[in-house]
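>>> Need a 3D model of the sequence below.
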Amino acid sequence: MLRELAAKFSVSWIERRASVRKQFQVPVKVCFAPEKNPHNLTMNCEDLFLSGETVDLSESGIGFVVSSIRIKEKYLVGQERILNVDMELAGKKIRMRVIGKRYERVGIHASTERYLVGAAITDMSPDDRQKYEFFLRNGKKLMKTAGVPAFEMGVID
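Numbering: from 1, shown residues only. Presented below is the predicted three-dimensional model:
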């Protein structure tokens, strides 16, 4: 009995420690943040990017699915590469900087192969942060009033 109580307490503590992830599917545009290089060449986000959609959103991170795990020779996850992510949440454009932490291949067949990327949010303007957190609290209602079908599927711990 004591062991069961300890297990319940530890699960409860872990749930409070992690950000609650809400599942919303909204389009995203992902590109690399400009890096300094020896030739002072920078690629604009408009030139090289991947389009995809989110799987889940939380205060501290996002999960998104894209068709490739890299852009040219650079991988989205690894080497602490900073990514710029643009998304539109209920008619409001949000831009954030994230660092890819993990990825996994999803899809049944090679022709439908896609990659699920989990990323931690590192930076966002105060205005975008306010819009983003407002969406996390009220997203289902906002998407209904905007005429966009709400794809929230519940909360994952």
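
>>> give me the beta-bridge partners of residue 54?
On the basis of DSSP bridges, residue 54 is bridged to residue 64.

>>> Renumber starting at 18 from here on
Happy to do that; since the first residue is 18 now, the last one works out to residue 71.

>>> Can you give me every residue that contacts it?
41, 42, 43, 45, 79, 80, 81, 82, 104 (C-beta atoms under 8 Å, 6 or more residues apart in numbering). (C-beta placed from N, C-alpha, C; glycine too.)

>>> most surrounded residue in those?
Highest neighbour count within the contacts of residue 71: residue 81, with 27 neighbours (other C-beta atoms under 10 Å).

>>> Next up, the contacts around residue 100.
If you count contacts by C-beta under 8 Å, 6+ apart, then residue 100 has 47, 48, 49, 50, 93, 114, 115, 116, 117, 136 around it.

>>> Residue 37 versus that one, what's the distance?
As judged by C-beta to C-beta, to the nearest Å, residue 100 and residue 37 stand 23 Å apart.

>>> one step back: just the ones of the contacts of residue 100 in strands?
If you go by DSSP state E, the contacts of residue 100 have 47, 48, 49, 114, 115, 116, 117, 136 in strands.

>>> what ranges do the helices span in the protein?
If DSSP state H is used as the criterion, the helices of the chain fall at 19-34, 143-162.

>>> need the least confident one among these, by mean pLDDT.
Of all the helices of the chain, the minimum mean pLDDT falls on helix 19-34 (a mean of 56).

>>> what about the nearest residue to residue 39 once chain neighbours are set aside, how many neighbours?
Closest residue in space to residue 39, ignoring its immediate chain neighbours: residue 74 at 5.6 Å, by C-beta to C-beta, 6 or more residues apart in numbering. Here the count is done by other C-beta under 10 Å, and residue 74 has 25 residues near it.
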